[in-house]
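Asks: next input, structure requested:
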Amino acid sequence: METGRAFKTADRSKTSERSRVAVLLAFAAVAECATIGSPSDYANVKAPAKFQAEFSTGKPNGKFIIEVERALAPHGADRFYSLIQNGFYNNARVFRNVPHFVAQFGINGDPAVQAKWHGEDANIPDDPVKTSNKRGTVVFATAGPGTRTTQMFINTNDNNFLDSKGFSPIGRIVQGMDAVDQMYTGYGERPDQGEIQSEGNQYLLTQFPKLSYFSATSLVPKDKEIEVKEPLVEAFNEVPEDFQW
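Replies: Residues are numbered from 1 along each chain as shown. This next block holds a predicted model:
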């Protein structure tokens, strides 16, 4: 789920354009790198039993709210809570958006920041799958057992087949799923994750300018949380029989 298809690098005619974008991003990147920190800075962070996070989107403008229940996936919930606290997803692009499947994001736009949160030192332990990958659930992407870091996806369809592959939802969208449905899908899986890791938003802005992104992310104050009357998700009574890491 974390590995996308390869895509050819930009030709020479776009080199000057990419240079101009790099200059525009440079000052913001320096400040962002200084404030986000590294995984070790958040190693002892424990998320509340339940919390909500608000994502404001660009291209098109919109908003959605995710509600997380820590009991569903404690390690994933703690990491997500930390990433929202430190603004990791601000200006991140939804770089993989496959209609009727998933909308994937989670690579920081600044390569210096992303480097801190990529690799073995950033991995978190796996959580057993306690609820199904239904439409609207939010899940950490993984490249195999014990490899979750920052990449996530939103199920835009009922993807129950992911349950037995170790993809453990941490929560679901409780408001604004229409904003997710409106995010740009025209590039599919074309953006190359290796290029994003090494060049960040500079690469995406020049090669894939229509990508949707998050203009701001934040934790919703407790007194501002929306009321969710139905259970967050219908949890499994036990781990599915065909579950495997």
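Asks: after the helix or strand of the chain with the lowest mean pLDDT, next one along is what?
Replies: Lowest by mean pLDDT, DSSP states H and E among the helices and strands of the chain is helix 15-36, with a mean of 49. Using DSSP states H and E, the helix or strand that follows helix 15-36 in sequence is strand 50-58.
Asks: report the distance from that next one to the chain centre.
Replies: Relative to the centre of its chain, strand 50-58 is centred 11 Å away, using CA atoms, centre = their mean, to the nearest Å.
Asks: can you name every helix or strand that it contacts?
Replies: Counting contacts by 3 or more CB pairs under 8 Å, 6 or more residues apart in numbering; DSSP states H and E, strand 50-58 packs against strand 62-69, helix 74-85, strand 213-219. C-betas here are computed from N, CA, C, even on glycine.
Asks: the ones you listed: which one's closest to residue 226?
Replies: Within the helices and strands packed on strand 50-58, the stretch nearest residue 226 is strand 62-69; the backing value is 6.3 Å (CB to CB).
Asks: helices or strands up against the closest one?
Replies: The contact analysis (3+ CB pairs under 8 Å, 6+ apart) places strand 62-69 against strand 50-58, helix 74-85, strand 169-175, helix 177-181.
Asks: quick one: buried residues of it?
Replies: By neighbour count on 16 or more other CB atoms under 10 Å, the buried set for strand 62-69 is 62, 64-69.
Asks: for residue 81, state which of these is nearest.
Replies: Ranked by distance to residue 81 (CB to CB), the buried residues of strand 62-69 are led by residue 68 at 7.4 Å.
Asks: go ahead and confirm the closest one touches residue 174.
Replies: No. Residue 68 is beyond contact range of residue 174, at 10.0 Å (criterion: CB atoms under 8 Å).
Asks: now for these two: what residues contact both?
Replies: residue 52 (CB atoms under 8 Å, 6 or more residues apart in numbering).
Asks: quick one: low-confidence ranges for the protein?
Replies: Within the chain, the ranges that satisfy pLDDT under 70 run 1-34, 231-245.
Asks: please redo it, this time with the cut-off set to 80
Replies: Along the chain, segments meeting pLDDT under 80 span 1-35, 229-245.
Asks: quickly note the distance from residue 57 to residue 147.
Replies: Between residue 57 and residue 147 the computed distance is 27 Å (CB to CB, to the nearest Å).
Asks: so if I had to pick from those two, which one is more boxed in?
Replies: Using other CB atoms under 10 Å as the criterion, residue 57 and residue 147 rank with residue 57 on top: 21 against 18.
Asks: beta partners of the more buried one?
Replies: Residues in a beta bridge with residue 57, per DSSP bridges, are residue 62, residue 214.
Asks: and it, what does it touch?
Replies: Contacts for residue 57 (CB under 8 Å, 6+ apart) come out as 63-64, 179, 183, 212-215.
Asks: just the buried ones from the residues you listed?
Replies: For the contacts of residue 57, a burial check counting by 16+ other CB under 10 Å picks out 64, 179, 183, 212-214.
Asks: endpoints of stretch 61-78, how far apart?
Replies: As for stretch 61-78, its first-to-last residue distance stands at 28 Å under the measure CA to CA, to the nearest Å.
Asks: for stretch 113-128, same thing?
Replies: Distance across stretch 113-128, first residue to last, is 29 Å (CA to CA).
Asks: equivalent analysis for stretch 87-98, please.
Replies: With CA to CA as the measure, stretch 87-98 spans 25 Å from end to end.
Asks: what lies in contact with it?
Replies: Contacting residues not belonging to stretch 87-98 are listed as 4, 32, 35-36, 55, 83, 102-109, 113, 117, 150, 153, 183-185, 187-189, 191, 193, 196, 201, 204, 208, 211-217 [CB under 8 Å, 6+ apart].
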